[in-house]
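>>> Fold the following and give me the result.
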Amino acid sequence: MRNFGTPPKNRLYTNLNSYLLFLSYVLLGRLKQDKKEIELFEKALCERFATQHAICVYQCRVGIYLAVKALIKPGQEVILSPYTIADVVNMVIFAGGRPVFADVDRQTCNISPTEVERLINRNTGAVLITHLHGLAAEAHRIKEICDRFHVPMIEDCAQSFGVYEQEKAVGAIGDVGVFSFEMHKNLTTWLGGAVITNRTDVVEKIRADLESFTYPPLPGIQGKVKTGLIQDIASSPIIFQLFTYPILRLSYLKNLEVVNEKVRRKPQESQPAEHLPEIYKSWYTPFQARLGLLRLKHIDRDIKTRVDNALLYYEGLKDIDELILPPLRTDGSHTYLWFPVQYSRRDDLLRFMYNHYRDIAAGHFTSTADSPRFQEFYRDCPNAKKVEQELFYLPTYPSYSQKQIEKNIQVIRQYFRQISSVNQAKNTPIYTHS
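Residues are numbered from 1 along each chain as shown. Predicted coordinates for the structure are as follows:
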């Protein structure tokens with residue numbers, strides 16, 4: 001029987017005020033050059049992370065570029081996870097570094113400390129770790145390795161605002177932390193990010209680079225707002241049930257790639273180049289800072305809800321041996337931006353879930369270590385490749401109800417019962433009368 005209560009797999013952390021602040025910026029804000037609100041937001045970030053410096057930037061990836069550029073010498077190696085977006089790798093290259101891919105831990109999907117220790121050497125300029133899916137990436141352990149070799153550590157916290165490891169906020173464990181405020185993040189200012197650090201020398205270099213940035217920020221922000229408005233409308237309850245989900249479900253089950261390709265989430269990626277593209281050389285704006293300050297008030301409440309949602313998934317799925325679940329953590333080191341699960345026959349399971357009117361997403365990151373685009377830096381990273389092929393997301397966002405989580409669990413368990421029944425039938429001997 002058709003389920004008319006299927007909610008979307010993802011909803012933005014936006015509201016009416018997000019659009020009104022953008023509209024006021026378009027109409028009036030560009031005429032003002034006052035950076036006071038940006039300074040207030042940066043001060044709030046410093047207080048939250050107990051760091052001396054915070055710098056708002058146009059995008060998280062730009063922050064990564066600026067951090068790498070400030071910390072390494074041209075031609076030095078930068079160790080990083082291959083399971084990331086291509087533009088993170090691009091930023092390392094644009095900053096003068098040579099990417100060295102360290103495979104991930106299978107369960108956490110985060111960079112392996114053992115691999116970091118194996119690959120670090122005299123030509124290593126920095127180690128870039130990513131706290132993926134809201135899960136801390138053994139930052140203290142990797143920092144200890146970096147300190148032994150006198151190598152700085154950069155933390156990519158794009159998906160992990162509000163995560164703590166050993167009671168210290170991620171981003172403040174290494175030399176530099178970089179955050180994303182893009183529209184899909186739990187602290188969204190439509191676009192943008194921030195760099196935090198206690199190193200004054202790094203701040204001076206970053207601010208000097210930012211002085212040369214002149215590209216207007218409006219086109220990029222406007223594009224995000226337009227996309228966000230479409231997604232907010234399409235995922236609103238009535239529209240989603242009557243129009244959006246029937247189209248998504250049909251296109252997935254019938255392999256209508258003309259539709260699937262348009263709705264499949266693909267991270268923005270710069271074109272092949274030798275230097276940072278001009279579009280990234282933009283400033284953060286005051287209206288974004290206002291949004292950030294407002295969102296800060298709700299971050300911890302939303303994190304608690306997501307952790308509670310993740311606990312439901314974990315308890316409901318932990319006895320299914322075929323699944324690889326994320327580690328269960330309630331100490332603040334995992335905020336479960338989603339509940340990422342791995343399964344060797346992912347596409348079969350997703351098809352089964354769509355057949356049973358559930359809206360679920362496959363992972364959208366790739367293993368960049370064997371990408372043709374980065375052939376020069378190829379490294380065999382089998383775990384990252386497996387994660388790319390097997391990972392899917394279960395929704396945890398705050399308005400996703402416990403009832404819907406239980407339905408997802410029910411359908412997944414139904415799938416495995418069906419698989420078990422088929423396997424038992426195949427193994428049952430057939431007796432005949434002689």
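
>>> which stretches of the stretch 201-350 of the chain aren't confidently modelled?
Counting by pLDDT under 70, the stretch 201-350 of the chain shows low-confidence ranges at 268, 272.

>>> And the residue most central in space within the chain, how close does it get to Phe243?
With distances taken as Cα atoms, centre = their mean, Gln159 lies nearest the centre of the chain, 4.1 Å away. Gln159 sits 30 Å away from Phe243, going by Cβ to Cβ, to the nearest Å. Yep, even glycine has a C-beta here, placed from its N, CA and C like the rest.

>>> average pLDDT across stretch 384-397?
Regarding stretch 384-397, the rounded mean pLDDT is 97.

>>> Tell me if I'm right that Tyr378 and Ala369 touch.
Yes - at 6.6 Å, Tyr378 and Ala369 qualify as touching, with contact defined as Cβ atoms under 8 Å.

>>> between those two, who's got more neighbours?
Ranked by neighbour count (other Cβ atoms under 10 Å), Tyr378 and Ala369 place Ala369 first, with 26 against 14.

>>> The closest residue to that one other than its chain neighbours: what's it in contact with?
Distances taken as Cβ to Cβ, 6 or more residues apart in numbering put Pro82 closest to Ala369, at 3.5 Å, once the chain neighbours are dropped. For Pro82, the contact set (Cβ atoms under 8 Å, 6 or more residues apart in numbering) comprises 101-104, 367-370, 379, 381, 384.

>>> ok, now with 6 Å
When contacts are counted by Cβ atoms under 6 Å, 6 or more residues apart in numbering, Pro82 touches 101, 367-369, 381, 384.

>>> Any figure for the gap between the nearest residue to Phe339 once chain neighbours are set aside and Thr6?
Distance criterion Cβ to Cβ, 6+ apart; nearest residue to Phe339, sequence neighbours excluded, is Leu394 at 4.1 Å. The gap separating Leu394 from Thr6 is 13 Å, by Cβ to Cβ.

>>> And for Gln166?
Distance, Gln166 to Thr6, using Cβ to Cβ: 40 Å.

>>> who has more neighbours, those two?
Thr6 (20 against 12).

>>> and the residue nearest to the more buried one when sequence neighbours are not counted, what pLDDT?
Spatial nearest neighbour of Thr6, chain neighbours left out: Tyr357 (4.9 Å); criterion: Cβ to Cβ, 6+ apart. Tyr357 is assigned 96 on the pLDDT scale.

>>> cool, and the one 5 residues further on?
At Ala362 the predicted local confidence, pLDDT, stands at 94.

>>> in the sheet, who's paired with it?
Phe392 (DSSP bridges).

>>> neighbours around it, how many?
Ala362 has 16 nearby residues by other Cβ under 10 Å.

>>> now it: how far from Ser160?
Taking Cβ to Cβ, one finds Ala362 at 21 Å from Ser160.

>>> Return the distance of the longest strand anywhere in the chain from the chain's centre.
Determined from DSSP state E, the single longest strand within the chain is strand 124-130. The chain centroid and the centroid of strand 124-130 are separated by 18 Å under Cα atoms, centre = their mean, to the nearest Å.

>>> Could you list which of the contacts of Pro82 belong to helices?
In helices, defined here by DSSP state H, the members of the contacts of Pro82 are Ala384.

>>> mind putting the contacts of Pro82 in CSV, distance to Lys226 included?
What follows is those, written out as CSV (distance: Cβ to Cβ, whole Å):
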residue, distance to Lys226
Phe101, 35
Ser367, 31
Thr368, 28
Ala369, 34
Cys381, 36
Ala384, 33
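
>>> So which of the contacts of Pro82 are in strands?
101, 367.

>>> what's the closest of the contacts of Pro82 to Tyr215?
Lowest distance from Tyr215 to these (Cβ to Cβ) belongs to Thr368, with 25.8 Å.

>>> got the contact list for the closest one?
82, 86, 89, 374.

>>> quick one: it and Gln288, what's the gap?
For Thr368 relative to Gln288 (Cβ to Cβ), the value is 29 Å.

>>> again with Asn427
60 Å.

>>> Who has more neighbours out of the two?
Gln288 (27 against 7).

>>> Tell me the secondary structure at the more buried one.
helix (DSSP: H, G, I helix; E, B strand; the rest coil).

>>> Could you give the number of residues near the residue lying closest to it once chain neighbours are set aside?
Leaving aside its sequence neighbours, Gln288 sits nearest to Thr189 (Cβ to Cβ, 6+ apart; 3.8 Å). A count of nearby residues for Thr189, using other Cβ under 10 Å, gives 30.

>>> do the same with Leu20
Leu20: 11 neighbours (other Cβ under 10 Å).

>>> Distance of it relative to Ile221?
14 Å.

>>> which residues touch Ile324?
Per Cβ under 6 Å, 6+ apart, neighbours of Ile324: 107, 342.

>>> For Tyr343, see how far away it is.
Taken as Cβ to Cβ, the span from Ile324 to Tyr343 is 7 Å.

>>> ok, now Ile238?
Taken as Cβ to Cβ, the span from Ile238 to Tyr343 is 32 Å.

>>> again, but for Met153
32 Å.

>>> Who has more neighbours out of those two?
For the pair Met153 and Tyr343, the greater number of neighbours falls to Met153 (23 against 20), based on other Cβ under 10 Å.

>>> how about the more buried one, phi and psi?
According to degrees, to the nearest 10, the main-chain angles of Met153 amount to phi -120, psi 130.

>>> what residues are up against Ala57?
Actually, residue 57 is Val. It isn't Ala. Applying Cβ under 6 Å, 6+ apart, the residues near Val57 are 63, 193.

>>> same thing but 7 Å
63, 66, 192-195, 284 (Cβ atoms under 7 Å, 6 or more residues apart in numbering).

>>> Lys385 now?
Counting by Cβ under 7 Å, 6+ apart, Lys385 has contacts 367, 370.

>>> ok, it to Ile419 distance?
24 Å.

>>> For this structure, just list every one of the strands.
Under DSSP E, the chain gives strands at 53-57, 77-80, 83-84, 98-101, 124-130, 153-156, 164-165, 168-169, 176-180, 193-197, 339-342, 361-362, 366-367, 391-394.
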